[in-house]
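A.B. asks: Make a model of this:
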Amino acid sequence: MSIEVTKLTKTYGEQKAVDAISFKVGKGEIVGFLGPNGAGKSTTMKIITGYLQPDDGGVVVCGIDVLKQPLESKKKIGYLPEANPLYYDMYVREYLDFIADVHAVPDRKKKIEEVIETVGLTLESKKRVGQLSKGYKQRVGLAAALIHDPEVLILDEPTTGLDPNQIIEIREVIKKLGQQKTVLFSSHILQEVEAICDRVVIVNRGKLVADDNVSKLLNETQKEETLRVAFREALEPAWLERLSSVRTVNKINTNEWELVCNNVQEARRQLMELALQQNLNIVSLQSGTQSLEEVFRSLTNNNSKDGNLGS
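C.D. replies: Numbering: from 1, shown residues only. You can find the predicted model right below:
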């Protein structure tokens, strides 16, 4: 295994940011690491890379214990944090030469040219880092993470703040890198995760709530179909939450709701009864199977009726 996380725990004050989570990432896998804001993703990634110490548990990267051999493990890891730290006054090649020197990379000039080409920086490589767009700054950070040819890449929100074209470009870079390296990356753009990854790890409130192949995760939740219902009138979510066949209620806008159902046909019948009892007018009612985004919302929705976010 390239990454082994075992019962990892980190507490800030009285709050557990990471609560005894365990997962593994095999060599050559591209795994999406998902969760809402504050779920513990960045904290976990910082512990894996050795930039933060856990309160309990352990991490092994490429057979090296991160806590016992931090310098040796860092040689195996390329890390792009969410807040990409760059020296804006340096030129692109100058900055990459500085990072290569820190890692004692042999034949630095050749390696710099290789990573510049890999991440698509060739046309911008003669500029100062501060002159680059957000998308190209992300590429510089990615090039810096690759400069020492690590076996494992940890990418924390690599597409944050990018426009749609830049997102697609970075996605292609990650897919290309995944052919040779193990990649663990977090993202809020679930369509990107679905396009790049075969597997996802989902955390919520510091706990692991899912770890599976995307296709299997979607297949296992097909019994929980969705209904999208629009009313002419505004109504309280509690009316929908009381329906026995409705598992989760998500508000789309004032009059439109998305319902995750255990039994979609029964939920339709109950909605019709509700409309009759409360003098409501149903404008539209559509059903469909769940996307990764809907599965994610079902697993991490704090208002889930059964209160068990891990099920």
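A.B. asks: Just the buried residues of stretch 64-84, please?
C.D. replies: Of all the residues in stretch 64-84, those buried under the rule 16 or more other CB atoms under 10 Å are 64, 66, 73-81, 84. Backbone N, C-alpha and C define where each C-beta goes, glycine included.
A.B. asks: Check stretch 247-258 too.
C.D. replies: Buried-residue list, stretch 247-258, by 16+ other CB under 10 Å: 247-250, 257-258.
A.B. asks: Hmm, Gly57 and Glu4 touching each other?
C.D. replies: No. Counting by CB atoms under 8 Å, Gly57 is not a contact partner of Glu4; they are 10.7 Å apart.
A.B. asks: mind listing what the closest residue to Gly141 other than its chain neighbours touches?
C.D. replies: Closest residue in space to Gly141, ignoring its immediate chain neighbours: Asn84 at 4.0 Å, by CB to CB, 6 or more residues apart in numbering. Neighbouring residues of Asn84 by CB atoms under 8 Å, 6 or more residues apart in numbering: 137-138, 140-141.
A.B. asks: how about TSV for those, with secondary structure and neighbour count added?
C.D. replies: Listed next are the contacts of Asn84 as TSV, based on DSSP: H, G, I helix; E, B strand; the rest coil; neighbours: other CB atoms under 10 Å:
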residue	secondary structure	neighbour count
Lys137	helix	20
Gln138	helix	27
Val140	helix	27
Gly141	helix	23
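A.B. asks: Reduced to three states, what does Gly78 come out as?
C.D. replies: strand (DSSP: H, G, I helix; E, B strand; the rest coil).
A.B. asks: Just grab the bridge partners of it for me.
C.D. replies: Beta-bridge pairing of Gly78 under DSSP bridges involves Leu153.
A.B. asks: what helices or strands is the one helix or strand Gly58 maps to leaning on?
C.D. replies: Per DSSP states H and E, Gly58 falls inside strand 56-61. Identification of packing neighbours for strand 56-61 by 3 or more CB pairs under 8 Å, 6 or more residues apart in numbering; DSSP states H and E yields strand 3-12, strand 15-25, helix 41-48.
A.B. asks: Keeping just the C-alphas, turn it into CSV.
C.D. replies: Presented in CSV, the C-alpha positions along strand 56-61 are these (Å, rounded to 0.1, in the frame of the first residue of the first chain):
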residue,chain,number,x,y,z
ASP,A,56,-3.4,9.1,18.3
GLY,A,57,-3.2,6.7,15.4
GLY,A,58,-0.6,6.3,12.7
VAL,A,59,0.3,6.8,9.1
VAL,A,60,2.6,4.8,6.8
VAL,A,61,3.6,6.0,3.4
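A.B. asks: and that strand, how far out from the chain's middle?
C.D. replies: 20 Å (CA atoms, centre = their mean, to the nearest Å).
A.B. asks: Low-confidence ranges, the chain, go.
C.D. replies: The chain contains residues with pLDDT under 70 at 218-224, 288-291, 294, 302-311.
A.B. asks: at 80 what do you get?
C.D. replies: The chain contains residues with pLDDT under 80 at 1, 160-163, 166, 188-192, 214-225, 287-311.
A.B. asks: Pick out the residue nearest the middle of it.
C.D. replies: Nearest to the mean C-alpha position of the chain, by CA atoms, centre = their mean, lies Ser186 at 2.8 Å.
A.B. asks: Also compute the angle for the strand holding Gly58 relative to strand 15-25, please.
C.D. replies: Calculated by axes from the mean of the first three to the mean of the last three CA atoms, to 10 degrees, strand 56-61 forms an angle of 30 degrees with strand 15-25.
A.B. asks: out of the helices and strands packed on strand 56-61, deepest packed?
C.D. replies: Using mean count of other CB atoms under 10 Å, the stretch among the helices and strands packed on strand 56-61 with the greatest mean number of neighbours is helix 41-48 (a mean of 24).
A.B. asks: Can you list the neighbours in contact with that one?
C.D. replies: By CB under 8 Å, 6+ apart, the residues outside helix 41-48 that reach it are 3, 5, 8, 10, 17-18, 21, 33-35, 52-54, 59, 61, 66, 77, 79, 81-82, 154, 156, 184, 186, 203.
A.B. asks: ranges for the helices of the stretch 101-250 of the chain?
C.D. replies: Using DSSP state H, counting those that start in this stretch, the helices of the stretch 101-250 of the chain run over residues 108-118, 134-146, 164-177, 190-196, 214-220, 237-241.
A.B. asks: right, so of these, which gets closest to Ser298?
C.D. replies: helix 214-220 (10.6 Å; CB to CB).
A.B. asks: that older thread, next SSE downstream of the strand holding Gly58?
C.D. replies: Using DSSP H and E, the helix or strand that follows strand 56-61 in sequence is strand 64-65.
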